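Q: coords below, sequence missing:
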C-alpha cells in the first residue's frame, strides 16, 4: 500500500471505530495486554536486535537506555493499559446542552478527532501508549517511530493489530509507517489526517508546522518563566525556583528566566543565589541584579535562550506589569508562573498572559488567601 | 506604519484589552453607538461616494444593495450593539475546575484569542458587527473590507476608534488595512496574529488556508445533505427538504444532495418531487431514483457539486450506514442531517459523522421519542 491508501484505510476505519462501544474497546485493550505478555519473548528478542545495531552505530548511552524494552518495561506498559481500561469513556459525553427554541436543542458532545498522525522517538513503549490511548478515545492512528527501534516497533504493531482484529475493532485503525519519506508524504494528506502530533527536536517540530495544512499539536521552544512578586513568601519562592530549574533541566517546561520584583530583590536574590549555586546553577543577571549579587551579566540574547541546562537568567522588574510584558515578549507561551500572596497581582498576571492563545498554561503559587480560587 | 508595526501594535493592545473590565467594555460599546448616531450624516455621505463609484464601475444590483449604508442600517447596527451590551461577559468564565492534588487546583478559564484578522465583504455593517464583537470578547482586530466600501469603512473605523479611545480602551486594538497586499503580508505574521477569519469565495478561502500558518476559521465548500430515513415522518421530511433547499439557495448550508432510504423511496420520492418542483427545483437522480420518479440522471460529479441554485441531487440508499458513508465521502463536513423516528439510527448517524472533526454540525430531526436527547 502507498501512503495515500494507508491513510484512506485509516480514515475509513476511524469512522467505524467512532461507533464502537466502550465495552468492546476495553475488551480489545485487555486483549492487547494479554498478547503482549504472551509474546514477551519475541518482543525482547526483536528489541535485542535493535539494541545490538544501535550499539554498533555508537548510539549514545541515554538513547540506548530509552531504546531498551525488556520484561520489566512490558510489565509497565501492561499496567498502563489496565489503568486505561478503568478510565471513563471519553467519547459521547454531553459537554453542553441548551434549548435554542421550542423543540430545538443544541448539544455539544465529545467525539473522536478521526485520524491522528504521530511521529515519536526511540522509546518503543511510546508505541503501545500512543496506540492504546488512540483506541480508547476512538481514533485511528498513523505511527512513525524512530528507525533505531524498527524491529521492536514492528512486532509491537503486529501484536496490537492482531489483538484488536480478534475483538472486532475495524481493520486498518493502526498503521505503522516505515520510511522517513512517509512522514513528508503524510503532511500533504489533509483530506485523510485530522491531527499531527510530532515529537522531537525544536527544528523538527518547526519543520512539521511549516510544511502541512493539517493542524499540529506541538510546540517548538520552551522559554519558561517564574515571576517572584513583591508579595511572595520568599522561602516558598526559593523552593519553587530551585525545583523549576533543577528537577530536570532538559525538559521543555524547565524555567529559563527568573523575574524578581524590585521590592524584594535585595532580600530575595542572595537567598535564591545560595540555593541555586548549591545545585550548580550558573546565574546571568540584568544590571540591577548585578548590583545586588555577584553574577555574570545577561545579554538580550539570554532572554530568548532555552538553555536546557544548569543556567538561569535573572531580571529585576518593577511589579507584575513589567513581568508579564517580559514574558509575553520573550516567552514561548508554554509554562509560566507567578509566586505571590497578592490576589490582584495573580489575577492581573493570568488575564494578561498571552500564552493562553498558544495553549500555554499559567500557574499561580499562592499564599494568603482561601484554598479555592473561584 | 507598515503591516508588521500595525500587527505588533494590535498585539500589544490585545494583551491590555484582555484585562479591561466588563463595565468599561460595555461603556465603550455604548459610546460607539452614540457616535455612530451623532455622525450618521457623515457616514451616509461617505457611503454615497462609495455607491456612486460602484455604479460607475457597473457593480451588480445585489452587491450595490449590500454596499448601501443608510440611516436605517445605522439604526440596525446600533440595535445590535445594544443587544451585545446586554450579553454576558464572555471572558474569565471558569469552564472546568478540578483538584489534581492537595493544594493543586486546575482551572480552565475562558480568555480572548488575542489578535484576529478578518477579511470581509462589501457590507459596511460587517465592520461594525465584527469590531464590536471583538471588543466585547476582548480581542484586538485587523480588518480588511472590500475596496468598494473604502470610504464608508474608513469613517466607521475612525468613529469606533475615537469612541473607544475616549473610554480608555487600549489604543491600537482596531486596525483597518487599506491595501490588497496587506492581506498577503498579514498571512506571514503568525507571531502577532492568532486567528484569521476570511469571508469570500471558496477559492479565496482556500487561498488563505493554503498560504498561512495562522489558524484559519473558515470553510471552503458547503456540500450539505439531508438523509430521509426509513423511519421518518414523511410530511415532516418533505417540509425539511423543501426548506433546506429553498429558503436561500445561495448560502453555504443549503442542502445539495438528498439521500432517501430505499424502504420509503417509492412513497416519499413522488411526494417530495411535487413539493420541490412547485418551488422550481430541478432534481437529478441516481438510477434507483430514476426508476421511481421522472428525473434527469445524476452523474458522479453531481455528488461533489455545490449548486448554490435551485438544483438538488437525489440518491436512494440502503439505510443509515450507506447514507453516512456517502456523506463522509462527498460532503464538506459542514451541515448535514437525518430525519428519523428511530433513535438508534439517529445515534449511529451522529457517531459516524466525520464532519465533526472539521467543526461541522449534524442535526437530527426526530419524531417519536421524548423531548430531550440526553
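A: All right, it came through fine. It should be emphasised that the depicted structure is a prediction, and the values quoted were computed from it without experimental measurement.
Q: Who does residue A:340 form a beta bridge with?
A: In this entry, residue A:340 is beta-bridged to residue A:366, by DSSP bridges.
Q: List the residues that contact it.
A: Residues near residue A:340 by Cβ atoms under 8 Å, 6 or more residues apart in numbering or on different chains: A:229, A:230, A:231, A:232, A:320, A:346, A:349, A:364, A:365, A:366. Where you see a C-beta, it was placed from the backbone N, CA and C, and this is true even at glycine.
Q: burial measure for the last one, as a count.
A: If I follow you right, that is residue A:366. Neighbours of residue A:366 under the rule other Cβ atoms under 10 Å in any protein chain shown: 23.
Q: Out of the contacts of residue A:340, which sit inside strands?
A: A:364, A:365, A:366 (DSSP state E).
Q: Grab the nearest non-local neighbour of the second one.
A: Taking Cβ to Cβ, 6 or more residues apart in numbering or on different chains, and ignoring the residues beside it in sequence, residue A:365 has residue A:339 as its nearest neighbour in space, at 4.4 Å.
Q: Looks like that neighbour contacts residue A:228 (just checking).
A: Yes - with contact defined as Cβ atoms under 8 Å, residue A:339 and residue A:228 form a contacting pair (5.1 Å).
Q: out of these two, which sits in the more crowded spot?
A: Using other Cβ under 10 Å as the criterion, residue A:339 and residue A:228 rank with residue A:228 on top: 29 against 25.
Q: and the more buried one, what pLDDT?
A: You'll see residue A:228 listed with a pLDDT of 98.
Q: Identify the residues contacting it.
A: Applying Cβ under 8 Å, 6+ apart, the residues near residue A:228 are A:234, A:237, A:241, A:258, A:259, A:260, A:261, A:264, A:268, A:272, A:339.
Q: which element is the closest residue to it other than its chain neighbours on?
A: The shortest distance from residue A:228 to any residue other than its chain neighbours is 4.5 Å, reached at residue A:237 (Cβ to Cβ, 6+ apart). Residue A:237 is located in helix A:234-246, with elements delineated by DSSP states H and E.
Q: What strands line up against the next helix or strand after that helix, and which way round?
A: Counting by DSSP H and E, the next helix or strand C-terminal to helix A:234-246 is strand A:255-261. Partners of strand A:255-261 in the sheet, by DSSP bridges, are strand A:224-228 (parallel), strand A:311-317 (parallel).
Q: how about the residues of the stretch 151-300 of chain A near chain B?
A: A:194, A:209, A:210, A:213, A:215 (Cβ under 8 Å from any Cβ of the partner chain).
Q: so the second one makes contact with residue A:220?
A: Yes - between residue A:209 and residue A:220 there is a contact at 7.3 Å, judged by Cβ under 8 Å.
Q: which stretches of the stretch 101-250 of chain A form helices?
A: Listed in chain order, the helices of the stretch 101-250 of chain A (DSSP state H, counting those that start in this stretch) span A:125-136, A:150-167, A:180-186, A:202-210, A:234-246.
Q: Include mean pLDDT and mean neighbour count when you put these into CSV, please.
A: Converted to CSV, the helices of the stretch 101-250 of chain A look like this (pLDDT from 0 to 100; neighbours: other Cβ atoms under 10 Å in any protein chain shown):
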stretch, mean pLDDT, mean neighbour count
helix A:125-136, 96, 22
helix A:150-167, 97, 20
helix A:180-186, 92, 16
helix A:202-210, 86, 16
helix A:234-246, 97, 18
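Q: Using CSV, please lay out these together with distance to residue B:190.
A: Output for the helices of the stretch 101-250 of chain A, formatted as CSV (distance: least, Cβ to Cβ, whole Å):
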stretch, distance to residue B:190
helix A:125-136, 27
helix A:150-167, 34
helix A:180-186, 21
helix A:202-210, 9
helix A:234-246, 28
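Q: circling back: farthest pair in the contacts of residue A:228?
A: A:234 and A:259 (14.5 Å; Cβ to Cβ).
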